[in-house]
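>>> Give me coordinates for this.
(chains A and B)
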Number of protein chains: 2
Amino acid sequence: MNNFVLSTPTRIRFGEGQVKSLTKEIPSNAKILLTLGGGSVKKNGILNAVINSLEDYKITVFEGIEANPEFETLNRAIELGKTEAVDYVLAVGGGSVLDGSKLIAAGIANPTIEPWEIVTSGGRAAKKALPLGTILTLPATGSESNGNAVISRRATGDKLGIASPLFYPQFSILDPTYTYTLNDRQVANGVVDAFVHTMEQYLTYPVNAKIQDRFAEGILSTLIEEGPKALQEPDNYDVRANLMWSATMALNGLIGAGVPQDWATHMIGHEITAIHGLDHAQTLAIVLPNLMTHQKEAKREKLLQYAERVWALDPCEEESIDRAILLTRDFFERMGTPTSFNGYGIDEPNINQIINKLEEHGMTALGEHGNIDLEASREILEAAR
Amino acid sequence: MNNFVLSTPTRIRFGEGQVKSLTKEIPSNAKILLTLGGGSVKKNGILNAVINSLEDYKITVFEGIEANPEFETLNRAIELGKTEAVDYVLAVGGGSVLDGSKLIAAGIANPTIEPWEIVTSGGRAAKKALPLGTILTLPATGSESNGNAVISRRATGDKLGIASPLFYPQFSILDPTYTYTLNDRQVANGVVDAFVHTMEQYLTYPVNAKIQDRFAEGILSTLIEEGPKALQEPDNYDVRANLMWSATMALNGLIGAGVPQDWATHMIGHEITAIHGLDHAQTLAIVLPNLMTHQKEAKREKLLQYAERVWALDPCEEESIDRAILLTRDFFERMGTPTSFNGYGIDEPNINQIINKLEEHGMTALGEHGNIDLEASREILEAAR
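Residues are numbered from 1 along each chain as shown, chains lettered A, B, ... in the order given. From the prediction side, this is the model:
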């Protein structure tokens, strides 16, 4: 096991009706900036429940944080927060709203620092941040329990990660009933995203970190069992609860503590989203199975372990690795997430451009061994046609 | 899955050499009360390493916190801390030193409250507490990552639990090399303790909490694989690391979140320690296998799951439950921890007195169903002769 530092300070309030405990979490004299995405929180009743719980609080609402949260939008929220002198940020939504609200909380608290500087510094320029609480409506990114965010700026073509201990939510409310109204594509994207987050931290090479391995395998098995059920039984509370908790556990630092990590699938996937406009999770489904095949030798030991423990295959049989990769592909497909460009109607993926962008972004030695160079990325993408 | 609130704010610094990072965790102007148990931290070099790391700090040393930390001892530490006007507590030792230091940190910070009142109020009387850091030398109790402690007062025959969010360590250093010098009995006790902690939160009835179940099973499997190895290869770093991390994960709230819990084995075991003076873990090894047999019907579904997932037995075969219980018993025995009174040379256990004490302490409806009454406890103890 490698050395690690692990901090998971966010208090989780999990389960139906937890929104009623908002008043226990937010000081009664707080001036709240309530940050929202589009209209779904109005339609499904969450916003009403939140407003009712906080009837004695002073609230300023900012809505319109989009998927892949846009810097210019977040900057407007920061200006509004300063004008209204808010001292607490409450984010209600999915990963994009939560990510964007981390920058908002930092931007308001550091009025002398240009918000863009917080982004370009990777978060380090922020010397403080307003306290942040979140109510999660789309389990996928783990943003509800970590100090990370990804911010986009379309004008300059940037998509940058920020991270700071200051960005951890103080609390996060996870109410599975708020996920009943997600459509199939959102459900599938969340499940695939959480699955690949887990694989990026698990499918590398063994370092004898038994707890981390077992926990990762537990998350993978749960996503495989519960993901398809969520599509068939959207109102099944336990299924939704298990998926929601899986997604948080997949990216709160726990399973990645003390182990090597990969993240090549994410890096290649980001460029596919930029060029072909596919959803983040769709790009992961395209890349991962082909990357697994390409890296069969480098990942051999963990692939055998994955085959045995997650898919109950005989690890002594050579073909169990291929079979496990096929079953992974099949799982994504059953979730309604194709695993090739072709599956999304892209007959001619712009592989040259994807490779150029990877080069431009310095992504020339990806993976836990740094052995996925541009040629390897090209081969993976060619196999994904 | 049941609703839950989960908070794990303690920052973990895991791995060899982490003691060097003490200066990152403790403010440079802190006046530290360094709390210790007996002489082992001097012999094995830990104390020197700590003192060297903190050479620029003002440190007051208090040593002599015993197993099952004694209130009168802790009270002396509180007096010393007040006299020296310390503002930080650093505990170096096993669960007893850490537990005791939680009361010390609370007692010093609340000079107008009688320390005994903090104990009798279950911790609620404490309005604040000094910041606490810990360096763990004996993985077992999980105290390094929770807000709980058990305090004894021999003069009055009390052994009381206290808990508060104020008692969470700010950081805990877990360096597996500090566990190399533990003797076999300490190793065995730690492994059995962590195993039973896990079972108390796992072996109840199913509530479709798949992540919690998988994580618990992962901890159990790891303890079964690594426990005996730690006895055979005391200097095997990975084995020690896996055991250390297992013990923390067993009792930091994670696997118990949203599931029913039992704790009957602990309650009965406490009385055995009080009357027969056995180590805490030894009493757990005596009670658990016999409680499993006694509660075979009430715990049937989880016993089948345990048999299948932890011991790879066929859950369709009726005898798999008995076989799983036998394997559990055998595991404890292989760790050198007998599973009967007789194994400790106690030919005539004082079962009447144990039952009287359970009654006196109100332990008349134990277990996740409250169905373990005094008669059931008696039957379990009789079976454990």
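>>> what lines up beside the one helix or strand A:I32 maps to in the sheet?
Using DSSP states H and E, the element containing A:I32 is strand A:31-36. In the sheet, strand A:31-36 lines up against strand A:58-62 (parallel), strand A:88-93 (parallel) (DSSP bridges).
>>> Looking at these, which one is packed in the most?
strand A:88-93 (a mean of 27; mean count of other C-beta atoms under 10 Å in any protein chain shown). Where you see a C-beta, it was placed from the backbone N, CA and C, and this is true even at glycine.
>>> Chain B contacts on the stretch 251-385 of chain A?
Counting by C-beta under 8 Å from any C-beta of the partner chain, the stretch 251-385 of chain A comes close to chain B at A:257-258.
>>> Looking at the stretch 251-385 of chain A, which residue is nearest chain B?
Nearest to chain B, among the residues of the stretch 251-385 of chain A, is A:G258, at 6.4 Å (C-beta to the nearest C-beta).
>>> ok, now which ones touch that residue?
A:1-4, A:207, A:209, A:212, B:14-15, B:241, B:245 (C-beta atoms under 8 Å, 6 or more residues apart in numbering or on different chains).
>>> Among those residues, name the ones in helices.
Within those, residues falling in helices by DSSP state H are A:212, B:241, B:245.
>>> Is there a neighbour count for the first one? I'd like the number.
By other C-beta atoms under 10 Å in any protein chain shown, the residues close to A:Q212 number 25.
>>> quick one: the closest residue to A:Y168 other than its chain neighbours and A:I162, what's the gap?
Here the nearest residue to A:Y168 in space, its sequence neighbours aside, is A:G147; by C-beta to C-beta, 6 or more residues apart in numbering or on different chains that works out to 4.5 Å. Distance from A:G147 to A:I162, counting by C-beta to C-beta, to the nearest Å: 9 Å.
>>> Equivalent analysis for A:I51, please.
From A:I51 to A:I162 the distance is 29 Å (C-beta to C-beta).
>>> With A:L136 instead?
From A:L136 to A:I162 the distance is 19 Å (C-beta to C-beta).
>>> A:N110 too?
13 Å.
>>> hey, what's in contact with both of the two?
A:I118.
>>> burial count for the residue nearest to A:Y168?
Going by other C-beta under 10 Å, the residues that sit close to A:G147 add up to 22.
>>> Redo the strands paired with strand A:31-36 as JSON lines? Include mean pLDDT.
What follows is those, written out as JSON lines (pLDDT from 0 to 100):
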{"stretch": "strand A:58-62", "mean pLDDT": "97"}
{"stretch": "strand A:88-93", "mean pLDDT": "97"}
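>>> Would you mind saying which of those strands lies nearest A:A376?
With C-beta to C-beta as the criterion, A:A376 lies closest to strand A:88-93 of those, at 36.5 Å.
>>> My understanding was that A:I224 contacts A:F331; is that so?
Yes. Counting by C-beta atoms under 8 Å, A:I224 touches A:F331, with 5.7 Å between them.
>>> Which neighbours do the two have in common?
Contacts common to A:I224 and A:F331, judged by C-beta under 8 Å, 6+ apart, are A:F195.
>>> Can you pick out the residue with more neighbours from those two?
Ranked by neighbour count (other C-beta under 10 Å), A:I224 and A:F331 place A:F331 first, with 22 against 18.
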